[in-house]
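A.B. asks: any chance you could fold what I've pasted below:
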Amino acid sequence: MNVTNGPLAPKKDIFGIYYAAYQYFGFRTKYDLDSYKQARASLEKAIISDPTNALIWSLLANLFLNNHIFQFEPSDNDIERTRDYAERALWLDPNCQYAYEAMSWVYLLTGKRTNASK
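C.D. replies: Residues are numbered from 1 along each chain as shown. Modelled structure (predicted):
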């Protein structure tokens with residue numbers, strides 16, 4: 001199989017990824033239900049487009065953390081999702097600062113303060 005007749009690799013939608021990050025930071029300026037829903041939809045779409053993007057995973061983790069705090073769409077598993085998404089982000093990029101921020105909050109909110117400082 002050669003380059004001309006082989007299968008094409010799927011292209012990443014980088015504008016969708018940038019848009020998702022933009023929507024997340026827009027949510028962080030408003031903290032309302034509409035901007036939460038827009039940010040969540042954009043981030044979830046970006047994850048499908050590029051599942052190896054640590055920043056998008058960590059922003060999604062922080063979004064669910066904010067949902068736990070502000071209860072835009074009440075859910076019992078926001079802390080678990082925050083932890084899972086932040087851990088995935090750290091697995092992809094061990095230097096991802098937004099993932100460390102989310103993990104620190106998870107440790108604080110679950111009573112594991114000694115882990116939060118690590």
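A.B. asks: got any ranges where the protein has weak pLDDT?
C.D. replies: 1-14, 113-118 (pLDDT under 70).
A.B. asks: and the strands in it?
C.D. replies: In the chain, no strands are defined using DSSP state E.
A.B. asks: in it, which residue is most central in space?
C.D. replies: Among the residues of the chain, the smallest C-alpha distance to the mean C-alpha position (Cα atoms, centre = their mean) belongs to residue 60, namely 2.1 Å.
A.B. asks: just give me the neighbour total for the residue nearest to that one when sequence neighbours are not counted.
C.D. replies: Closest residue in space to residue 60, ignoring its immediate chain neighbours: residue 43 at 4.6 Å, by Cβ to Cβ, 6 or more residues apart in numbering. For every residue, glycine as well, the C-beta is placed using N, CA and C. When neighbours are counted by other Cβ atoms under 10 Å, residue 43 registers 27.
A.B. asks: hmm, who's touching stretch 56-66?
C.D. replies: Applying Cβ atoms under 8 Å, 6 or more residues apart in numbering, the set of residues contacting stretch 56-66 from outside is 17, 20-21, 24, 27-28, 31, 36, 39-40, 43-44, 46-47, 50, 72, 78-79, 81-86, 88-89, 92, 96, 98-99, 101-102, 105-106.
A.B. asks: tell me the buried residues within the residues you listed.
C.D. replies: The neighbour count (16 or more other Cβ atoms under 10 Å) marks 17, 20-21, 24, 27, 36, 39-40, 43, 46-47, 50, 72, 78-79, 81-86, 88-89, 92, 96, 98-99, 102, 105-106 as buried among the contacts of stretch 56-66.
A.B. asks: give the contact list for residue 110.
C.D. replies: When contacts are counted by Cβ under 8 Å, 6+ apart, residue 110 touches residue 79.
A.B. asks: one more: residue 69?
C.D. replies: Under the criterion of Cβ under 8 Å, 6+ apart, the contact list for residue 69 is empty.
A.B. asks: cool, the one 3 residues further on as well?
C.D. replies: When contacts are counted by Cβ under 8 Å, 6+ apart, residue 72 touches 32, 33, 36, 37, 66.
A.B. asks: run the last query once more with 10 Å
C.D. replies: 27, 31, 32, 33, 34, 35, 36, 37, 40, 63, 66 (Cβ atoms under 10 Å, 6 or more residues apart in numbering).
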